[in-house]
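In: have a look; sequence and predicted model below, questions after that.
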Amino acid sequence: MVFDSANLDAGATAWVLTSSALVMFMTPGLAFFYGGMVRGKNMLAMLMQNFFALGLISVIWGFLGYSLAFGGTNPLIGNFDFVGMKDVATMYPDDPTGWFGAFVIPPIVFMAFQMMFAIITPALITGAIADRMKFSAWVWFLGLWSILVYSPVAHWVFSPAGWLFERGALDFAGGTVVHINAGIAALAVVIVIGKRKGWPDRVMPPHSLPWTMIGTGILWFGWFGFNAGSALFADGIAGQAFMNTNMAAATAMLTWLIVEKIKDGHATTLGGASGAVAGLVAITPCAGFVGGVAPFIIGGLAGIVCYLAIGLKKKLGYDDALDVIAVHLVGGILGSVLLGFFADTKINPVVGGNNGVFIDGGSWDLMADQLVAVGATLVFSFAVTFIIIKVLDLVIPGGIRVSEEDEEVGLDLTQHSEVAYSFAERS
Amino acid sequence: MVFDSANLDAGATAWVLTSSALVMFMTPGLAFFYGGMVRGKNMLAMLMQNFFALGLISVIWGFLGYSLAFGGTNPLIGNFDFVGMKDVATMYPDDPTGWFGAFVIPPIVFMAFQMMFAIITPALITGAIADRMKFSAWVWFLGLWSILVYSPVAHWVFSPAGWLFERGALDFAGGTVVHINAGIAALAVVIVIGKRKGWPDRVMPPHSLPWTMIGTGILWFGWFGFNAGSALFADGIAGQAFMNTNMAAATAMLTWLIVEKIKDGHATTLGGASGAVAGLVAITPCAGFVGGVAPFIIGGLAGIVCYLAIGLKKKLGYDDALDVIAVHLVGGILGSVLLGFFADTKINPVVGGNNGVFIDGGSWDLMADQLVAVGATLVFSFAVTFIIIKVLDLVIPGGIRVSEEDEEVGLDLTQHSEVAYSFAERS
Amino acid sequence: MVFDSANLDAGATAWVLTSSALVMFMTPGLAFFYGGMVRGKNMLAMLMQNFFALGLISVIWGFLGYSLAFGGTNPLIGNFDFVGMKDVATMYPDDPTGWFGAFVIPPIVFMAFQMMFAIITPALITGAIADRMKFSAWVWFLGLWSILVYSPVAHWVFSPAGWLFERGALDFAGGTVVHINAGIAALAVVIVIGKRKGWPDRVMPPHSLPWTMIGTGILWFGWFGFNAGSALFADGIAGQAFMNTNMAAATAMLTWLIVEKIKDGHATTLGGASGAVAGLVAITPCAGFVGGVAPFIIGGLAGIVCYLAIGLKKKLGYDDALDVIAVHLVGGILGSVLLGFFADTKINPVVGGNNGVFIDGGSWDLMADQLVAVGATLVFSFAVTFIIIKVLDLVIPGGIRVSEEDEEVGLDLTQHSEVAYSFAERS
Amino acid sequence: MKLVTAIIKPFKLDDVKSALQEAGVQGMTVMEVQGFGRQRGHTEVYRGAEYTIDFVPKVKIEVLVDDGDAVPVAEKIMEAARTGKIGDGKVWILAAESVYRIRTGEAGSDAL
Amino acid sequence: MKLVTAIIKPFKLDDVKSALQEAGVQGMTVMEVQGFGRQRGHTEVYRGAEYTIDFVPKVKIEVLVDDGDAVPVAEKIMEAARTGKIGDGKVWILAAESVYRIRTGEAGSDAL
Amino acid sequence: MKLVTAIIKPFKLDDVKSALQEAGVQGMTVMEVQGFGRQRGHTEVYRGAEYTIDFVPKVKIEVLVDDGDAVPVAEKIMEAARTGKIGDGKVWILAAESVYRIRTGEAGSDAL
Ligand SMILES: Nc1ncnc2c1ncn2[C@@H]1O[C@H](COP(=O)(O)OP(=O)(O)O)[C@@H](O)[C@H]1O
Ligand SMILES: Nc1ncnc2c1ncn2[C@@H]1O[C@H](COP(=O)(O)OP(=O)(O)O)[C@@H](O)[C@H]1O
Ligand SMILES: Nc1ncnc2c1ncn2[C@@H]1O[C@H](COP(=O)(O)OP(=O)(O)O)[C@@H](O)[C@H]1O
């Protein structure tokens, strides 16, 4: 469908361009959020796994990913209409529902905005596999996962042709597509790659929390683009999404710190940061669909539930190094389900009268759709991710994991021939 | 007053959304600007005091602060119209003057933008009390101060119902509400909490100036949202405010460095950063009201005056650790007073013909209002802050200050059970 | 020419204001991109050289630079119409061609956006002269270069009156004005100042690559404002420029890493960052003029060519410390020339039918103009820069370079009396 | 009194510390050092330039002990620090003429 | 010649340095170390996991002196470094067989 | 066995290391230290407050050698580390009563 530039709204375009830049900035933010938590000998490898996603996924998105996610009208998967950047500057996907017809931004701006989501989603997984994966394995995994897992799920949920979209499942900015998707994939990869050497006996404290805090600041900042940009207009819904995003992050920071203070006796800086991110994750699917005090409830619960979820990994014995599962998988499910309680047509007509349980005129219908969306994402993403990583482990000589010795020395030196810091002045 | 979405301007909305994100980003920026200057053992505590403001103040703003600052038509204080996010998505405060009637952005966007100011203002105080306050004391102080000091002063100056606003005092983006307010409050707290152990005999040099510089970059970047966003339109006034902001920061950097070079024999990196921030502070009240060469004069004076003001603390013997008073209090007063000379109706009709002394058709009338606004803020903020902190010092077991031993060990370990850096590879 | 505010487009204004802030943020980004690569003892000096450009160039731009670059209709140089901020808030430069007449943003916003380019361009040179120039020499060089080199070249290319602009040479966002200009100037300065003590025998590895990576993230983020903002509208061309910018950066990262892997056996983090920047440089002149797969080709070539260009310095024996020449000079020329192949009127009517060689209806005409623009910039910038730096070397007592002893001790201590890091807790 | 000094692999520090604690050692002083020896260093790449770093991170431990404890302590350290791979490090013993505790001024064994 | 070595609390370094200067000591070498001893370390919390850090930051000082000056210098250090609280540290004396100044090649006392 | 210890200027480390390798030395341990001596430190400025830092960065080298090699090794270090400018540093020799290689338990010369 050709975009009629008479419909172009410069304000909306300015906002979505800005938001696209903000979401792009989140990937470096994530790199540092995670980087500060790993041991110094793996700092650059963590940064590189994330920055590399900016490189590889962008190219894949241009040549294939976008088309697979948004092309055509098949409910399960996109098509090849936009392969190799074909028509992306002038056309929106064909769309009987008229969804795209209402857009007031150039198609290429929409494509750019969506690209940034495709980039950061697999990047979230780096936190789980920290300190032990070969860079070469990461490269292959990243590309395959984006094509085989991200694009299909994005199609289901974000494309008006997608079966979950049609069903009426709601996901404002990526609770299922981004967070549940990446979180469950992280679990699959962690199961295959195994624990870090010495975990859990050896303590592996963060090597530099200030990096984690600056990453947190960048993530919070960028998340305004992520959520409020998803309105695709510069209007009250964008404003509501912006407000909800901030309030959920803030409340989750407080509840996480409170639980932490009660359980561990201290409110930590990392706890504040982790809580904020948990709140941002949980509000993501809800951002433009809920109002009033809902963001405080959603964020508040996220801070508590995600904190408690961290305890699971030791119990279950999987080494999710930086708690991607507890924060993104659990937080994403929490938000997607809570949307079934709080979605409100008054806030956003897209809810289409199908209000959440706690909202007047609400019912369990939406909840049903939400659960289907969550379940479908969990099953599909886990299964395909597991296959991808298993195959890679067999195909790659020596497997996806570095040698014991290389793990001891660190990934920076062994994977990239670099060290993060050389403060000693010798030249 | 219900906002008529027919009045919505997407361009203005895009700009104020962007500006809100930029101002939010300033608080992490401030955290690192200050964090780099403290000793390494207090780095995380400094970051945490600032990041925590994002959490606590956001929640307070949503439930009470915004309503107290902007609700109703009482000249001294707001009301409870918007408590608990009530009507914030659809309504502006009642307002006979028609001030809000001219707005073209959704009310919730205005609320979000204002929230970021409420967050960063008390965060400025952290620089003065560095290295010695209990985290628990900070939590209580932060909340009480925001409600009892920030909201009232914001109401006086920013709400069209406020007595200073009505009087005609001008403050484009927070010279009184933000900088004088935080600066004088910092003095009150410093008097009560006392000096850092060893000050001034022991040198306590910055542990990592690169953090301070990245904080400076973020602050300068975000300040464009702070000042130009305060136009609340995407127009020439926003453009003028943007330009003035940059020029004042730039000129102040130069004059600070020149004085420093003359007095100390060296132009320091920290001096450049400090000068820029001083200029940004001084231009804040003036940003959208002055033009031509005024920003150079305002910034140029700020660089000199604030530099010299730093000398005061040793003379007067109060330990304003990172010079919040010299930069924000002195810079804020300077800007608010200089506005009395340079405010120009040609630049901004809001000046309402009440031009500054140096502008054609100007008089001392505006200056009178400016001095009243400055004086009122100084007296009220100092008094209430002093009471709050004194009470807390009595109520909190052991007072607001950490033990000598804890101060020696550092706040990171004693308040948060964390260390900022562990570069030594031992696992 | 007075700007008629009836033409004001709030969306475009919002976008260019945002872009101006983004480009401003690039200079701190550049400071850290370079800072991480120098030795720790020169970290602050590198940061300071860059931050200082924000101070000095802003002031120069306001008083003289903007007027010299855009004032009047002389093809070789601007005039004094806008000296001292005169009329900048209300008027665009006189312009028979009607170029400025089509603008929909306030003149002061255009001036602010252009200012950020004037700031970062000379800042690029700091990477070449790292670790050995006196700060005082840098101050003088910076100011003179901005007036004598930057403003004239900007006039030639960006002002509708400029001879290269009139000729039809295209430069969307500064391939010639920014990158070639700074790159060739860097060569001139490097020739005069000479090699770092010990180069190339002593290895001088980066002291902290995480700084370089956060700088890379900020640069990529800011470059969206640099390139997409140069559309000066919030429309499809801005969207195309945004997309091209990202795709070129991404592809260049990949190709750089591939060549590196083949030649050195490792894909390094710094390589990924360097590749991305090379791609961003090469796409700069092309951003809003090309479409389809062109950005991938341009970026892909940039990653390879710039990597190989790094080898030159050892062969030719000039010490371009951080490879400004290989990345900015070579990358800038590459992009400007490739534009002669890929410029497409369908993407941007400004191309005026004068399509690039590989585009239907294309010819070598544009290429001719591109080569003239490249050549003129190379010759003028090298010559004038060489004279400036030579003169300074004679005029400044002891020359532009620090003493051997000071170089050994480091610039931070000797130029600024500061050290970047004091992790040792002794107070 | 003797000063037992050991150079060990960093990740072995915890084991060595525990071993010494069990052996009744009351205190020790450790520091980060870099070692050069049979164990190869690593090559780093910087913008196409390769260079080798011969030094590998190690931890140095210093323990003051009574004369008779020197050799047993040295042996405890060796047991705990041994991986059998090249680079495990060295232990050496120096004679300390006198030792004092700053807090009390106590000398000799009482200072430990 | 003797090598007087001291482990002290970091914030005491300035006092010790001044004391030694007054005592006519011409030079010294210091380094950051971490100490384990009676003084308790700290517990850290990381995402709900508590762990104790037994090591506390200390500064190590090495001073080469003539034989006769060893004990006086050790005493000066102790006076200056003493707070009376646990963790003040230790001082010990080693015998140095020979000392040279690199610049001149001078040996013995002249090398100081 | 002897422990040859040297304090040198950091940028001389490479030269010293090469010199020792040529001299057949198999290993050494180095660390960052800060030196105080005739070489002046620097003044720093912080928000208008000037203060002097008396310590300058140095590198400390420790080499275990057989008795006979101590003096030659010390001389090799001095040659390689010498710039002739103040601050070149010191070399001293301590007697080590025993030396072990952790990996094998070998003692004495075999441990080197
Ligand atoms: N002659 C020496 N003097 C001082 N330290 C040494 C010496 N030889 C080795 N070391 C230290 O011991 C560490 C391990 O020695 P190395 O030869 O690598 O393995 P191994 O201890 O198994 O023989 C080195 O990294 C270095 O720190
Ligand atoms: N046996 C020892 N060998 C080497 N260093 C020691 C020894 N015992 C203590 N130290 C050092 O002295 C420091 C202070 O000792 P500690 O027992 O904590 O207090 P005190 O010196 O008051 O007895 C320790 O942190 C450690 O660095
Ligand atoms: N008496 C001493 N004890 C221990 N180390 C010393 C002593 N004197 C000097 N040093 C070390 O040697 C370094 C160089 O000494 P200095 O007096 O500056 O120059 P030079 O070695 O040329 O005499 C000092 O920085 C310090 O590390």
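Out: Right, received. Where do you want to start? Ligands and ions are numbered 1, 2, ... in the order given.

In: backbone phi and psi for the residue in chain D positioned nearest to chain A, please?
Out: Using Cβ to the nearest Cβ, the closest approach of chain D to chain A is made by D:Val45 at 4.3 Å. Quick note: C-beta positions are derived from backbone N, CA and C, even for glycine. With angles defined as degrees, to the nearest 10, D:Val45 sits at phi -120, psi 130.

In: for it, name its beta-bridge partners.
Out: As for beta bridges, D:Val45 partners with D:Glu50 under DSSP bridges.

In: ok, A:Tyr150 touching A:Ala123?
Out: No - look at A:Tyr150 against A:Ala123 with Cβ atoms under 8 Å: they stay out of range, at 11.1 Å.

In: who's more crowded, the two?
Out: The neighbour count for A:Tyr150 versus A:Ala123, taken as other Cβ atoms under 10 Å in any protein chain shown, is higher for A:Tyr150 (27 against 24).

In: distance check, A:Val189 against A:Gly174.
Out: Here the criterion is Cβ to Cβ, to the nearest Å. By it, A:Val189 lies 19 Å from A:Gly174.

In: these two touch, right, the residue of chain D closest to chain A and A:Gln415?
Out: No - applying Cβ under 8 Å as the test, D:Val45 and A:Gln415 come out as separate, 11.5 Å apart.

In: number of nearby residues for the residue nearest to A:Trp145 when sequence neighbours are not counted?
Out: Nearest non-adjacent residue to A:Trp145, counting by Cβ to Cβ, 6 or more residues apart in numbering or on different chains: A:Pro122, 5.4 Å away. When neighbours are counted by other Cβ under 10 Å, A:Pro122 registers 28.

In: just to revisit the earlier point, shared neighbours of D:Val45 and A:Gln415, which are they?
Out: Here D:Val45 and A:Gln415 have C:His266 as joint contacts, going by Cβ atoms under 8 Å, 6 or more residues apart in numbering or on different chains.

In: these two: which is more packed in?
Out: Shown here are D:Val45 and A:Gln415; by other Cβ under 10 Å, A:Gln415 has more neighbours (24 against 21).

In: who are the packing partners of the helix or strand hosting the more buried one?
Out: Using DSSP states H and E, the element containing A:Gln415 is helix A:411-416. Helices and strands touching helix A:411-416, by 3 or more Cβ pairs under 8 Å, 6 or more residues apart in numbering or on different chains; DSSP states H and E, are helix A:43-60, helix A:135-145.

In: okay, those helices, which one's buried deepest?
Out: Sort these by mean neighbour count, taking mean count of other Cβ atoms under 10 Å in any protein chain shown, and helix A:43-60 sits at the top with a mean of 28.

In: so which elements touch the helix or strand following that helix?
Out: Next along the chain after helix A:43-60, taking DSSP H and E as the criterion, comes helix A:66-70. Helix A:66-70 sits against helix A:107-123, helix A:151-158, with contacts defined as 3+ Cβ pairs under 8 Å, 6+ apart.

In: just the helices in chain D please.
Out: In order along the chain, chain D carries the following helices (DSSP state H): D:13-22, D:70-81.

In: is A:Asp323 in contact with E:Arg47, as I believe?
Out: Yes - counting by Cβ under 8 Å, A:Asp323 does reach E:Arg47; the two are 6.4 Å apart.

In: just to revisit the earlier point, just so I know, which of the helices of chain D lies nearest A:Ile359?
Out: In terms of Cβ to Cβ, the element of these nearest to A:Ile359 is helix D:13-22, at 55.0 Å.

In: ok, residues contacting that closest one?
Out: By Cβ under 8 Å, 6+ apart, the list of residues contacting helix D:13-22 from outside reads A:202, B:426, D:6, D:8, D:28, D:30, D:59, D:61, D:63, D:73, D:76-77, D:79-81, E:36, E:54.
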